[in-house]
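> Need a 3D model of the following:
(one chain, ligands or ions: 2)
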Amino acid sequence: MIFEPEHETMPPERLRALQAERLRDVVARVRERVPFYRERLAGVSVESLEDLPTLPFTRKTDLRDHYPFGLFAAPMRDVVRVHASSGTTGKPTVVGYTAADIDVFARVNARCLAMAGGGPEMILHNAYGYGLFTGGLGLHYGGERLGMAVVPVSGGMTERQVLLIQDLRPDLICCTPSYALTLAQEFAARGVPPEEISLRFACLGAEPWTEAVRAEVDAGLGIRSTNIYGLSEVIGPGVSNECLEERSGSHVNEDHFYPEIVHPDSGEPVADEEEGVLVFTTLTKEALPLIRYWTGDICSLSSEPCSCGRTLRRMSLIKGRTDDMLIIRGVNIYPSQIEEVISRVPGLTTNYRLVVTRSGTLDELTVEVEGTGHDRELARLVKETTGCTVAVNVVPPGSVPRSEGGKLQRVHDLRRL
Ligand code: ADP
Ligand code: ZN
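Ligands and ions are numbered 1, 2, ... in the order given. You can find the predicted model right below:
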C-alpha cells in the first residue's frame, strides 16, 4: 500500500513546483531566524531549485560549532522533543522537533513501513534503540501512524527478543541489518527454521549493508527485507526506503527532504546515476531546518520510474560514509567493498571485521572473517577488485563480535590506540 499517495505519486513537474515553493520558504525562514544562516546566505537569491547548487553546504562541524541549540529556528517554547545523533564519528549533535516536525517524522516513517510491506493489520517488532537515538521513537511513531500494533522492544537482550518474536508473532521487524543477522543466527542456534518464524518483512538500516547480507538475513529469517535510510540531522529514520516491489533504490521522501549528489572533492553536482556525496535540504522542518547538509554518505540518485507507482526519486544503497573510508597504502577502500568480495568466496561468512594496524609508517589492513579455508582467495579477490593489499585471517565461528542491538562497528582501528 502507499501511505500518502497524493505526495508519493505526485507527477514530477508538480513535485518540483512544490519543492521550489518550499525551498523559497525555508530559505526565508532560516534567514530570518538563524544568525548563522543570515550571515551565510547574505546576498544570495533563491528563486528556484536551480539556484540551490550556488548555496554553501552546511556541515556537521557547523552543528558542533553551535552545539547544542545554536542552529534552531524555533523558540524553545515550540520545541517538543530533542534527539542526538549516535555519535559514530565524534561528539554527538543535538537536534530538535516542533509538534509539526514530529507529525512529519511520524508520517514519513509510516510511508517507509508501508513501502517495506507493512499495513494496519500487522504487528511491528521494533528493535531499534529507544532514547536519544532517533531510530526507536521514529519508527515507533511511524508504526502507530500506519495503524500497526507496535512492540517497543528496543535493542539488545537477544534471547528475550527471540522469545517475544515467537510468542507475539510479529509480521515486520525494524532493526540494524547486523542485528537482524544476530537474530537469524540465534534462531538457527535454537533450531527454529525460517518457516516457523512469523516475520515476513523487515525495515533494516542505520548502517551500511550489502546484497550479500540481505540474502543471508532474508534466508535466515524467512523474510523480504528493505533498506531504510535516515540521519538525525535531517530528521532521523524515514528519509528514504526501498519499495517491496523493486527493492532497488530507496524512494526519498523528497517533498520533505530535497536530495542532491555532489562530487566529494569539488562539491559540484554530478549526473543522475553517478556516485557522490548525498546532500539534503530540509523543505518543511521547523525546529532545525538545514540547507544543503553534507551527509558524507556516498551513493547515487536515480529518476527512473518505478513499478510501485511512486514518483519519488530513488537513492542507491550507501557504499559507506566518507569518514569510514580507509586509506591503506594510498588506496581508498570502503568496508562494504570488502563485504561484497567476501560474499563471493565459498566457505566464508559475512561475520567479519577489519583490523587496521600500523607497522612503521605503513598501514596494514587485516580482514578477520569467520569461515573455513580460502584466505588466499579472498586476499586475491580484494586486490583484484579494489587494488588494495590486505592480510586475511580466517577465524572459527563465533570469534568476531556481533551486533548486540545497535550499529555494528566493522572497523577496529588499532592505530588510534
Ligand atoms: P551518527 O552519524 O552518529 O551515526 P545517526 O544515528 O544520525 O548518527 O546516523 C546517521 C548515519 O547512519 C547516516 O549518515 C549514515 O551514515 C548511516 N545510515 C543510516 N541509514 C543507513 C542505511 N540504510 N545504509 C547505510 N548507512 C546508513
Ligand atoms: Zn518503487
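
> CA atoms for contacts and neighbours, from now on please.
Fine.

> Could you give the number of residues near the nearest residue in space to M1 that is not next to it in sequence?
Nearest residue to M1 in three dimensions, chain neighbours excluded: A114, at 5.9 Å (C-alpha to C-alpha, 6 or more residues apart in numbering). Other residues lying near A114 total 23 when counted by other C-alpha atoms under 10 Å.

> Next: G70.
16.

> next one: the one 3 residues further on
A total of 24 residues lie near A73 under the criterion other C-alpha under 10 Å.

> now swap in R344 and tell me
For R344, using other C-alpha under 10 Å, the count is 14.

> Spit out the contact partners of F3.
If you count contacts by C-alpha atoms under 8 Å, 6 or more residues apart in numbering, F3 has them with A110, R111, A114, L146.

> Among these, name the ones in helices.
In helices, judged by DSSP state H, the following of those are found: A110, R111, A114, L146.

> Am I right that the second one is in contact with I2?
Yes - with contacts counted by C-alpha atoms under 8 Å, R111 reaches I2, the gap being 6.9 Å.

> pLDDT below threshold where in the stretch 201-350 of the chain?
The model of the stretch 201-350 of the chain has no residue with pLDDT under 70.

> residues in it within reach of ligand 2, list them.
With C-alpha under 5 Å from the ion as the criterion, the stretch 201-350 of the chain comes near ligand 2 at residues C243, C306, C308.

> Quickly note the distance from the last one to I102.
Between C308 and I102 the distance is 27 Å, computed by C-alpha to C-alpha, to the nearest Å.

> more crowded one of those two?
Legend: neighbour count by other C-alpha under 10 Å for C308 and I102, higher for I102 (19 against 14).

> before we move on, back to that, same list, the contacts of F3, but only the ones touching ligand 2.
Okay, of those, nothing touches ligand 2 (C-alpha under 5 Å from the ion).

> got the CA coordinates for the longest strand along the chain in PDB?
Counting residues, the longest strand found in the chain (DSSP state E) is strand 348-359. Taking Å, rounded to 0.1, in the frame of the first residue of the first chain, the C-alpha atoms of strand 348-359 are listed here in PDB:
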ATOM      1  CA  LEU A 348      33.400 -17.500   4.200                       C
ATOM      2  CA  THR A 349      30.600 -15.700   6.100                       C
ATOM      3  CA  THR A 350      29.600 -12.100   6.400                       C
ATOM      4  CA  ASN A 351      30.700 -12.200  10.100                       C
ATOM      5  CA  TYR A 352      33.800 -10.100   9.600                       C
ATOM      6  CA  ARG A 353      35.700  -7.100  10.900                       C
ATOM      7  CA  LEU A 354      38.500  -5.000   9.500                       C
ATOM      8  CA  VAL A 355      41.600  -4.500  11.700                       C
ATOM      9  CA  VAL A 356      43.800  -1.700  10.900                       C
ATOM     10  CA  THR A 357      47.400  -1.600  12.300                       C
ATOM     11  CA  ARG A 358      50.500   0.400  11.600                       C
ATOM     12  CA  SER A 359      53.900  -1.100  11.200                       C
END
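
> Return the set of buried residues in that strand.
Neighbour-count burial for strand 348-359, counted by 16 or more other C-alpha atoms under 10 Å, picks out L348, T349, T350, N351, Y352, R353, L354, V355, V356, T357.

> ok, of these, which one's closest to A127?
The closest of the buried residues of strand 348-359 to A127 turns out to be N351 (C-alpha to C-alpha; 20.2 Å).

> Settle this for me: that closest one is touching V367, isn't it.
No - the criterion here is C-alpha under 8 Å, and N351 misses it with V367 at 10.5 Å.

> residue in the stretch 301-417 of the chain nearest to ligand 1?
As assessed by C-alpha to the nearest ligand atom, ligand 1 sits closest to I318 within the stretch 301-417 of the chain, at 4.7 Å.

> what's the closest non-adjacent residue to that residue?
C299 (5.1 Å).

> Can you tell me which helices and strands the top helix by length along the chain packs against?
Looking across the chain with DSSP H, the single longest helix is helix 12-33. Applying 3 or more C-alpha pairs under 8 Å, 6 or more residues apart in numbering; DSSP states H and E, one finds that helix 12-33 contacts helix 35-40.

> near ligand 1 at all, whichever helix or strand comes after the helix it packs on?
Sequence-wise, the next helix or strand downstream of helix 35-40 (DSSP states H and E) is helix 60-65. No - in terms of C-alpha under 6 Å from any ligand atom, no part of helix 60-65 sits within range of ligand 1; the closest distance is 9.0 Å.

> Tell me the confidence at the closest residue to V411 other than its chain neighbours?
Using C-alpha to C-alpha, 6+ apart and skipping the chain neighbours, the partner closest in space to V411 is L354 (4.7 Å). On the pLDDT scale, L354 is placed at 96.

> in the chain, which spans are helices?
Counting by DSSP H, the helices of the chain are 5-8, 12-33, 35-40, 60-65, 99-115, 134-146, 158-168, 177-189, 211-221, 335-342, 375-386.

> Compare these and report which one is nearest to G236.
helix 134-146 (5.2 Å).

> got the angle for the closest one vs helix 99-115?
80 degrees (axes from the mean of the first three to the mean of the last three C-alpha atoms, to 10 degrees).

> packing partners for helix 134-146?
The contact analysis (3+ C-alpha pairs under 8 Å, 6+ apart) places helix 134-146 against helix 99-115, strand 123-126, strand 149-151, strand 236-242.

> ok, the residue of the chain most remote from its centre to ligand 2 distance?
What lies farthest from the middle of the chain is G360; by C-alpha atoms, centre = their mean that is 36.1 Å. For G360, the distance to ligand 2 equals 50 Å [C-alpha to the ion, to the nearest Å].

> List the contacts of that residue.
Contacts of G360 (C-alpha under 8 Å, 6+ apart): none.

> quick thing: my sequence starts at 521, can you match it?
Sure, I'll start counting at 521 from here, so that last one is G880.

> need the contact list for D738.
Contacts of D738 by C-alpha under 8 Å, 6+ apart are R744, S745.

> Count the residues that sit near the residue of the stretch 671-820 of the chain found nearest ligand 2.
For the stretch 671-820 of the chain, the residue closest to ligand 2 is C763, as judged by C-alpha to the ion, at 4.6 Å. As a burial measure, C763 scores 30 neighbours (other C-alpha under 10 Å).

> Ok, L561 next?
L561 has 18 nearby residues by other C-alpha under 10 Å.

> Distance check, it against R553.
From L561 to R553 the distance is 12 Å (C-alpha to C-alpha).

> H603 too?
From H603 to R553 the distance is 21 Å (C-alpha to C-alpha).

> Alright, that wraps it up for me.
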